[in-house]
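In: Predicted model follows, preceded by the sequence.
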Amino acid sequence: MTVLVLSSVPPRLKGELTRWMIELSAGVFVGQPSARVLESLWDLCVEDIGDGWAILARSAANEQGYTLRMLGDAKRELVDYDGLTLVRVHKESRSHP
């Protein structure tokens, strides 16, 4: 299964994604596109992301059971920690109580 979450992207990008995946909620797409179609969809995200961001989670045969890709969110980054993919939130973007 594949989950793609988008925020602040052009409507044309969301429209293209609805041809291949179901939009469960605003900007949350779910489906099982083939690897080739998924690469094409990710390429569209790269081209049309504008000032928005995207994160993609896809089932995989690894310890976590999924792989992640992220695009356009400067507050977060994917990091490899001993073979596990984690999301690092940069200190300046954390809210303090």
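Out: That came through fine. Bear in mind that the values here come from a model prediction, so they are computed numbers and not experimental data.
In: which other residues reach the helix or strand hosting residue 45?
Out: Assigned by DSSP states H and E, residue 45 falls within helix 35-48. Residues outside helix 35-48 that contact it (Cβ atoms under 8 Å, 6 or more residues apart in numbering): 2, 4, 6, 9-10, 12-13, 16-17, 20-21, 33, 54, 56, 58, 69, 71. C-beta here means a position set from N, CA and C on the backbone, and glycine is covered the same way.
In: out of the residues you listed, which are inside strands?
Out: 2, 4, 6, 54, 56, 58, 69, 71 (DSSP state E).
In: Just the buried ones from those?
Out: By neighbour count, with 16 or more other Cβ atoms under 10 Å, the ones in strands among the contacts of helix 35-48 hold 2, 4, 6, 54, 56, 58, 69 as buried.
In: so what pLDDT did the first one get?
Out: The confidence metric pLDDT takes the value 97 at residue 2.
In: So what pairs up with it in the strands?
Out: According to DSSP bridges, the residues that bridge with residue 2 are residue 31, residue 58.
In: rewinding a little: could you find which two of the buried ones among the ones in strands among the contacts of helix 35-48 are furthest from each other?
Out: 6 and 58 (15.1 Å; Cβ to Cβ).
In: Enumerate every residue touching residue 49.
Out: By Cβ under 8 Å, 6+ apart, the residues touching residue 49 are 9, 13, 71-72.
In: before we move on, the earlier item: pull the CA atoms of the helix holding residue 45 into PDB?
Out: Provided in PDB are the C-alpha atoms of helix 35-48 (Å, rounded to 0.1, in the frame of the first residue of the first chain):
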ATOM      1  CA  ALA A  35       6.400   0.900  -9.000                       C
ATOM      2  CA  ARG A  36       6.500   2.600 -12.500                       C
ATOM      3  CA  VAL A  37       3.400   4.600 -11.900                       C
ATOM      4  CA  LEU A  38       4.500   5.600  -8.400                       C
ATOM      5  CA  GLU A  39       7.800   6.900  -9.800                       C
ATOM      6  CA  SER A  40       5.900   8.900 -12.400                       C
ATOM      7  CA  LEU A  41       3.600  10.300  -9.700                       C
ATOM      8  CA  TRP A  42       6.600  11.200  -7.500                       C
ATOM      9  CA  ASP A  43       8.300  12.900 -10.500                       C
ATOM     10  CA  LEU A  44       5.100  15.000 -10.900                       C
ATOM     11  CA  CYS A  45       5.300  16.000  -7.200                       C
ATOM     12  CA  VAL A  46       9.000  17.000  -7.700                       C
ATOM     13  CA  GLU A  47       8.000  19.200 -10.700                       C
ATOM     14  CA  ASP A  48       4.900  20.800  -9.300                       C
END
